[in-house]
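# Fold the stuff below for me.
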Amino acid sequence: MGAPSALPLLLLFACCWAPGGANLSQDGYWQEQNLELGTLAPLNEAISSRVWSSPDMLASQDSQPWTSDETVVAGGTVVLKCQVKDHEDSSLQWSNPAQQTLYFGEKRALRDNRIQLVKSTPHELSISISNVALADEGEYTCSIFTMPVRTAKSLVTVLGIPQKPVISGYKSSLREKDTTTLSCQSSGSKPAAQLTWRKGDQELHGESTRIQEDPNGKTFTVSSSVTFQVTREDDGADIVCSVNHESLKGADRSTAQRIEVLYTPTAKIRPDPPHPREGQKLLLHCEGRGNPVPQQYVWEKEGSVPPLKMAQESALIFPFLNKSDSGTYGCTATSNMGSYKAYYTLNVNDPSPVPSSSSTYHAIIGGIVAFIVFLLLILLIFLGHYLIRHKGTYLTHEAKGSDDAPDADTAIINAEGGQSGGDDKKEYFI
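Modelled structure (predicted):
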């Protein structure tokens, strides 16, 4: 029999030699563990404890490079960044999914002008890839050549941009109340895009988007259909198919199909002037609407045979209205989709009085005279106000010589005789 192996004895010694157990510190020295004397740790725990506590292993963690996954739209530019804390005097390297070296430090290894150096330091290596294609998708590897070689992976996802959608199924004009189906298709999206429908501002609920892988095995073709009934309001409307995809970043990518709807005409009669009077000229306009537009208009008056007018013009003209023109008039607008008849009741009012030029002239003169009289009244008011504010004096005949006369008769005689004695008697008028 051979000599017994020394490994179990060494492990037993390592676990039981120091009271309470021991372990290596980061500085390489043993530290006490809370292990009772004589307790044996499992073999794998003893080995792992020794390995992870090793100063060499702690240093290797700082030498591990790290990167990040990137997503880029086809045709865009992606930047790959690799960083390391402790380079251990070694250079970083980038490799493509085919394990071809792109850059080793600052040195280019692959002749591809799309790949350029962004930054090269002992702690970082960053490169850019422009005009990214779907074939560039995959895992890129950042390596540092220490002992052992350490690597980090960066997954580059390339988004395929969907092509502008194509609408099919519309061939010719539709008739009112017809049902139609339109289809929409878009290729080149990755991942698969989604399609939506709308009519003007109104959303249309189409079928769920169907997905089919393209022959290149990377992109997808999506399609959808919508079925709806048309009305006359849909004539000239745009049916829009839009593609939604993350590569578009909110930009609109859609296609519109304008539809034409044929429908029977409608009409209404509009008088000009709106309130006709006897003696005036009157035009009755028959305003027809339809697709196609009405090509023939027939005017009739109830109780009158034959029709008043049959022509392409839509207006009925009355050069000089009479009371006898009153009545109900009908206009029939006709197209190859059908006809429509509108009615209007005409009531001829009495002629309105026309003001003469002489009466207008008299009205102007009267206004001017009234204005002058108003100014004179204002002037008299100011003059009276002025006189009231000033005092006036005068002598009456009775006052002359009244002081010397014994009675009124004598005073009058004296006044007539011109006698003046004493002071004049004053009488104030306020």
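# what bits of this structure have low per-residue confidence?
Counting by pLDDT under 70, the chain shows low-confidence ranges at 1-60, 311-312, 352-359, 390-430.
# mind checking the longest helix of it?
Counting by DSSP state H, the longest helix found in the chain is helix 357-388.
# With adjacent residues omitted, what lies nearest to V293?
Once flanking residues are discounted, V293 sits nearest to S335: 6.7 Å by C-beta to C-beta, 6 or more residues apart in numbering. For glycine as for every other residue, the C-beta is placed from the backbone atoms N, C-alpha and C.
# quick one: contacts for the one you found?
264-265, 288, 290, 292-295 (C-beta atoms under 8 Å, 6 or more residues apart in numbering).
# about what we covered before: and the longest helix of the chain, which residues are buried?
Buried residues in helix 357-388, counted by 16 or more other C-beta atoms under 10 Å: none are found.
# So which elements touch it?
Helices and strands touching helix 357-388, by 3 or more C-beta pairs under 8 Å, 6 or more residues apart in numbering; DSSP states H and E: there are none.
# Which parts of the stretch 101-250 of the chain are strands?
For the stretch 101-250 of the chain, the strands defined by DSSP state E, counting those that start in this stretch cover 101-104, 107-108, 115-121, 124-129, 138-144, 150-159, 166-168, 174-175, 179-189, 194-199, 202-204, 210-213, 220-229, 238-244.
# Quick check: which of these is nearest to F374?
strand 202-204 (67.6 Å; C-beta to C-beta).
# Check which helices and strands the closest one sits against.
strand 194-199.
# elements contacting the strand it packs on?
strand 179-189, strand 202-204, strand 220-229, strand 238-244.
# Let's see that with 6 Å instead.
strand 220-229, strand 238-244 (3 or more C-beta pairs under 6 Å, 6 or more residues apart in numbering; DSSP states H and E).
# Neighbours of S128, how many?
16 (other C-beta atoms under 10 Å).
# swap that for I317, please
The burial count for I317: 10, using other C-beta under 10 Å.
# for T264, same thing?
If we define neighbours as other C-beta under 10 Å, then T264 has 18 of them.
# Over to V305?
Count around V305 with other C-beta under 10 Å applied: 7.
# And for T334?
For T334, using other C-beta under 10 Å, the count is 19.
# For the residue nearest to A133 when sequence neighbours are not counted, give its distance to K268.
In this structure, A133 finds its nearest non-sequential neighbour in A74, 6.4 Å apart by C-beta to C-beta, 6+ apart. Computed as C-beta to C-beta, to the nearest Å, the A74 to K268 distance reads 57 Å.
# Next: T255.
37 Å.
# before we move on, back to that, mind listing the residues bridging to the residue nearest to V293?
Taking DSSP bridges as the rule, S335 bridges to G338.
# Would you agree T219 is in contact with S187?
No. Counting by C-beta atoms under 6 Å, T219 does not reach S187; the two are 7.0 Å apart.
# Compare the two and say which is more crowded by neighbours.
Each of T219 and S187 has its neighbours counted (other C-beta under 10 Å); T219 has more, 22 against 18.
# Tell me which residue is most central in the chain.
D201 (12.3 Å; C-alpha atoms, centre = their mean).
# Okay, and the beta partners of I239?
Applying DSSP bridges, one finds that I239 bridges with K199, Q257.
# dump the residue contacts of it.
Counting by C-beta atoms under 6 Å, 6 or more residues apart in numbering, I239 makes contact with 182, 199, 257.
# again, only this time at 10 Å
167, 169-170, 180, 182, 184, 197-200, 204, 226, 228, 230, 255-259 (C-beta atoms under 10 Å, 6 or more residues apart in numbering).
# same thing with V149?
V149 sits in contact with 90, 93, 143, where contact means C-beta under 10 Å, 6+ apart.
# 8 Å instead, please
V149 neighbours (C-beta under 8 Å, 6+ apart): S143.
# Ok, Y103 next?
If you count contacts by C-beta under 8 Å, 6+ apart, then Y103 has 93-94, 109, 115, 117, 120, 125, 127 around it.
# just C286 next, same as before
267-269, 297, 299, 314-316, 331, 333, 342.
# Nearest to D325 among those residues?
Among the contacts of C286, and counting by C-beta to C-beta, the member closest to D325 is L316, at 10.5 Å.
# Check for me that that closest one belongs to a strand.
Yes. L316: assigned to a strand according to DSSP: H, G, I helix; E, B strand; the rest coil.
# Not counting sequence-adjacent ones, nearest residue to it?
Per C-beta to C-beta, 6+ apart, closest to L316 is L284, 4.4 Å.
# next SSE after the host helix or strand of that neighbour?
Secondary structure assigned from DSSP states H and E places L284 in strand 282-291. Next along the chain after strand 282-291, taking DSSP H and E as the criterion, comes strand 296-301.
# which other helices and strands contact that next one?
So strand 296-301, by 3+ C-beta pairs under 8 Å, 6+ apart, packs with strand 282-291, strand 309-311, strand 327-335.
# mind checking which of those is nearest R175?
Across those, closest to R175 is strand 282-291 (C-beta to C-beta), at 10.0 Å.
# List the residues that contact the residue nearest to L316.
269-272, 299, 315-318, 329, 331, 344, 346.
# out of those residues, what pair is the most spread apart?
Maximum distance among those (C-beta to C-beta): 15.2 Å, for D272 and W299.
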